Structures are given as C-alpha cells and as structure tokens.
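K.L.:
Pasting the sequence and the predicted coordinates here, then a few questions.
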Amino acid sequence: MPPARRIAFLSPRFADGPTVGGAETLLRRLAERVAAAGRDVTFLTTCATDHFTWANALPPGDRKVGRITVRYFPVDATRDVPTFLAVQNRISRLAQVTRDEELVWLKNSVNSEALYAHLRDEGQAYDRVVMGPYLFGLVYFASRILPDRTLLLPCLHDESFAYLSVMRDLFESVRGCLFNTVPERDLAARLFTLPPAHSSVVGMGLDPFTADAERFRRARGIRQPYVLYAGRREPGKGTPLLMDYLGVFRERTRQDVKLVLTGSGPIDPPPALAPHVIDLGFVSEEVKHDAMAGAVAFCHPSVNESLSIVILESWLAGTPVLVHAGGEVMRYQCRQSNGGLWFRNYPEFEESLMLLLTRPEIRQAMAARGKRFVESEYAWPQVEARLLAALDA
Amino acid sequence: MTDAKFQVGAAGVDVDQLVADIRETVRSKMESGAYAGAQLARAERFNLQNLKRDENFFEFYLESLREAVYIDINDFEIRERRRGVGPLLVALKRSIWSLLKFYTYRLWSQQNQVNGLLLSATEEIDRKYRDRLKALEDRVARLESRTPP
C-alpha cells in the first residue's frame, strides 16, 4: 500500500494558546511531526476558542502555522445549550438515555456544517483524516463522512460517555484508532469490537529540556518543600481533592509543605491551606519545567486521563509523581517506569508523601527511572515511527 | 517514615513493592487508630466517587462515615485574641450564644439522631448483603466442586 501523502487532522479547537486542552495539543504536535516528515498536512478546526460557549472567536478561513495549513470553520449557531446540558447531565449521572437522546446530545454539542460540507466535497483529496477527541459532535458526525479514511484519536476514558451506543458506531465504523497508551487501547477493546490491525498505540513525543529548580525557588521566594500540580483546576481533574488532602497533611504531620499550582481555573482551598497555596496561573513552559524540577512530587489526582503529558514532563524534569490509583493510565505509567506512587485514599497519600519527603534516595531513584522511561518510550523518533506506520497501514 | 522496609535495591526502586509496603503501613496504622477523626473523613469528601470500584470501598466509606457522623454539639469555650476590646467581644459573643444555643442544640441533636440512624441502616445493609454474598459464594463453590471435569 502506498504511503498516505495528504493527511487531514481534525479537532474542535486548534491548540494555539494556553487555554486549549491536552487532546488538542496532542493532535497539533502529531500534525507537526507528520508535516515535518514531508507529508501534506491540513488541520481542520472551528473558529471557537472557548470549550464552554463554543462561540466563534476567530475568523473563518485558512492560516499557515509552520508547515501546516489550518482551516477554520464556523461553529453552527443552532446549538441548543439547555437541551445539550440536560442530556449531558443525565448521561453523567449514569441515567438511562435512548439512542435518540444520545443523538440530540451530539447534535447540540459543537458542530460545523461548513466543515462537514468541506469533507463531503473535498474530503476525497485526503488519504487519511485523523480526528479526536471522541466526545464531541464534530468528531462523531465528521467520522461518518469518510469512515474508511478516518483514524480516530479518541483520548478515551472509562466514563459514562464511553458507554453510549453512538460511541460504538463511532469506534467500530472508522478505519482505525490511535491510542495514547496500552490501558486506553485495552479499555477500547473491552467496550468495542476493534480490528487489531488498525488499533495502534502511538502516544506523544517530548523534546528533552533542561530545568533549573533553584532559578524557580529564587524567583518565587520559595524555601519550603512543595507539591506541584499543573493544568486545568476543576473537580474533574481532582484539584479540590488535592487541596483537601494537602490541608489535612499539613495539619496532621506539621510538615510545612506548600502547594504550587499553575494553569487555569478557579481554586477554592480550605482556609487553613490558603496561605500555603502558591497559584502562579499561566506560566511559560520554562517556568513550568523549573517548577517541576524543584517539587518534592508532581501530584496528579485525576482519575480520567488517557495520557498525562505533565507527568511525562515532570519525569523529564527529574521529579517523581504521585497519582490517584483510580487513574488507570497514570498508574500504569508509574508501574512501567518505576517513577511514581499511587494512592487510593488520604492515609495512602500521607504515607506516600512522607516517604518522598523523608527518603531523598528513594525520591531520586524514582525520578531517575521516570526520566529514563520517558526518554526511551516518548522520544519523538519512536513516536513518529509508530504514527507514520499507523497512517500508512 | 524511616522504616527499613522502604528500600532502593541494586536495580533501583520497585514502586509496586513500595506501594504494597505503604498499604501495609496504612493498614496497621488504621488498626491502631492512627488514622481516625472527622478531619480525615472530610478529606475524603471528593474521593468517594473515585473509590466506587475499589473492592474495599464500602468498608472505607463506612469508616469515614463513622468518623464524620456525629456533629459536636457540646458547649465550647469562647475566646478572643484581640487585646483591649477582647473581654467586651467575649461577653458579647457569650450573650449571643446563650440566646441561640437552645435553638441550635435542638436542631443539631435532631440532625445527630438522623445521622446516627442512617449510619446504622447503612451498616445493617452492608452486613446483610455481605452475609448473603458469602452464603452465595459458598454455595457456588460447593456446586462447582460437585461438577465433574
């Protein structure tokens, strides 16, 4: 089979700013690598930048970003938000919904008739269309147009939405799936019937970087040990849990451990913890990496991740991680790398953090193993080879 | 946490072993009562959703519930750190509290009764289904042992 020359990538937003999520960043990075490998890459996306309102904030049309042509299409104005939220809330609560209701939910999610028309009229020009993440109407309806050329990059989680009947249509009708990790692929295989030949674990590559913990400590005036979290701050990511845990940890152990946060979203720490939370908001990649390098541990309390880029970055920065045991992917990565610990409840969190605080040799050994793991598994040459093989299959 | 069992071997760390050791430490500390108190139960308020698939979830949930179920409705000492106006503020707070406590005591004591009844009901449901499940498992095991290969 000849190699796929013209590739389209598709996601509801193009990662061009700090507010975009990990899935969009992943799709952009993969698109850039495919373009760098000499393939012709177009990125299809919407004019929206806000994933709550989906308002058209950018002008439609084409823009060249590096080697990629990004084509912006307007989001349909016909979105019925109350209906969308009503069904979404029921799905989230694991209530029974009919297939018609599932379709109503997707139709009132983010959609772009202009983008669908482009795929219908000009889609034959693309050898492959790589799209994701799986939760959006845009991805569902776009996948129905050229299913034999579509590769889904789902970023699948074990959550109520994954069990909808429309998701079975989506996963089982496309040409193949590109997964971030083995546990994500195994979850998809449990839920759907997937042709093994077209289900690849690709992941995302990371470029090596140097980080300076002292530079960060000096600049921020932090002398005490600290735990770091970087990313969106919201209940779904587990940040309220982390704040509760660290507040109790400080009270019980009398250890002066700070919590450093970067990223977006409101925070509401318990009053006793509030003076010990250092909220940096958006920071540059350099500052984020420096902050990672200086932390006792990077803590990721989310249970819904298909790939945690910040955990991989943390290992590259030389810092072990502490994750929630309910996050199957992150627990898997900790076990594969020997670079992190996982907790199920507060007592395990306390013992794990105390271990990292009081046993520097264990902490350093874990950090070294994590770094070695990222360098061997998530270096771009390896990821690129897996990606191009999946595109050409 | 300087227990000798947490070791770095020649091949580096083994996080599976570390987590197993941590869990063993937690188990023995829980037995000794080192992890008790409403403070801990409150810390788990966002975590219960995450533990639903854990085999020990209900046991842990009940433990948290037992720690948090009874609200402290006893009288408490009213203090004031500010000097100067401190005694005046303490007297003011005491008088407000003396007016309110009859009503709040009644409310909170009723709430404690409801909480206690709900906890008892939940414990009873847990015990009943554990017994029933155990009986079913024993029966399945007996039937399987009789089935010819």
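P.N.:
Sure thing, it's come through. Numbering: from 1, shown residues only, chains lettered A, B, ... in the order given.
K.L.:
How is the chain partitioned into domains?
P.N.:
If you meant another chain, say so; for now it's chain A. A:6-205+A:379-392, A:213-377 (automatic domain parsing).
K.L.:
not what I meant, chain B
P.N.:
B:13-68, B:73-149.
K.L.:
Determine the longest helix present in chain B.
P.N.:
As assigned by DSSP state H, the longest helix anywhere in chain B is helix B:86-146.
K.L.:
hmm, back to that, quick one, which of the domains of chain B is packed in tightest?
P.N.:
Greatest average neighbour count among those goes to domain B:13-68 (a mean of 16), per mean count of other CB atoms under 10 Å in any protein chain shown. Placement of C-beta: from N, CA and C, glycine included.
K.L.:
Give me the distance from it to the chain's centre.
P.N.:
Relative to its chain's centre, domain B:13-68 lies at 8 Å (CA atoms, centre = their mean, to the nearest Å).
K.L.:
State the mean pLDDT of it.
P.N.:
Average pLDDT, domain B:13-68: 80.
K.L.:
Chain B contacts on the stretch 251-393 of chain A?
P.N.:
A:251-252, A:303, A:324-326, A:334-335, A:338-348, A:351-352, A:354-355, A:357-359, A:361-362, A:365-366, A:368-369 (CB under 8 Å from any CB of the partner chain).
K.L.:
For PyMOL, what selects the buried ones among the residues you listed?
P.N.:
Filtering those down to the buried ones (16 or more other CB atoms under 10 Å in any protein chain shown) takes a single PyMOL command:
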select buried, chain A and resi 252+303+324+325+326+334+338+339+340+341+342+343+344+345+346+347+348+351+352+354+355+357+359+362+365+366+368+369
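K.L.:
Inside strands: which ones of the residues of the stretch 251-393 of chain A next to chain B?
P.N.:
Within those, residues falling in strands by DSSP state E are A:324, A:340, A:341, A:342, A:343.
K.L.:
Not counting its neighbours along the chain, what's nearest the fourth one?
P.N.:
When you say that, I think you mean residue A:342. residue A:325 (4.2 Å; CB to CB, 6 or more residues apart in numbering or on different chains).
K.L.:
Surely the one you found is in contact with residue A:340?
P.N.:
No: applying CB atoms under 8 Å as the test, residue A:325 and residue A:340 come out as separate, 11.1 Å apart.
K.L.:
got any residues that touch both of the two?
P.N.:
Here residue A:325 and residue A:340 have no joint contacts, going by CB atoms under 8 Å, 6 or more residues apart in numbering or on different chains.
K.L.:
All the helices of the stretch 101-250 of chain A, in order from the start?
P.N.:
Remark: helices assigned in the stretch 101-250 of chain A by DSSP state H, counting those that start in this stretch are A:113-122, A:137-143, A:165-173, A:182-191, A:213-220, A:239-253.
K.L.:
and the following helix or strand past the longest one, average pLDDT?
P.N.:
Spelled out, that is helix A:239-253. Downstream of helix A:239-253, the next assigned helix or strand under DSSP states H and E is strand A:258-262. What strand A:258-262 shows for mean pLDDT is 96.
K.L.:
for strand A:258-262, packing partners?
P.N.:
Strand A:258-262 sits against strand A:226-230, helix A:239-253, strand A:277-281, helix A:285-294, with contacts defined as 3 or more CB pairs under 8 Å, 6 or more residues apart in numbering or on different chains; DSSP states H and E.
K.L.:
Would you indicate which residues of the last one are buried?
P.N.:
Of the residues in helix A:285-294, those with enough neighbours to count as buried (16+ other CB under 10 Å) are A:287, A:288, A:289, A:290, A:291, A:292, A:293, A:294.
K.L.:
how many neighbours does residue B:70 have?
P.N.:
14 (other CB atoms under 10 Å in any protein chain shown).
K.L.:
how near is it to residue B:109?
P.N.:
Counting by CB to CB, to the nearest Å, the separation of residue B:70 from residue B:109 is 10 Å.
K.L.:
now do residue B:79
P.N.:
Going from residue B:79 to residue B:109 by CB to CB gives 24 Å.
K.L.:
Quick one: end-to-end distance for stretch A:120-139.
P.N.:
Stretch A:120-139 has an end-to-end distance of 14 Å (CA to CA, to the nearest Å).
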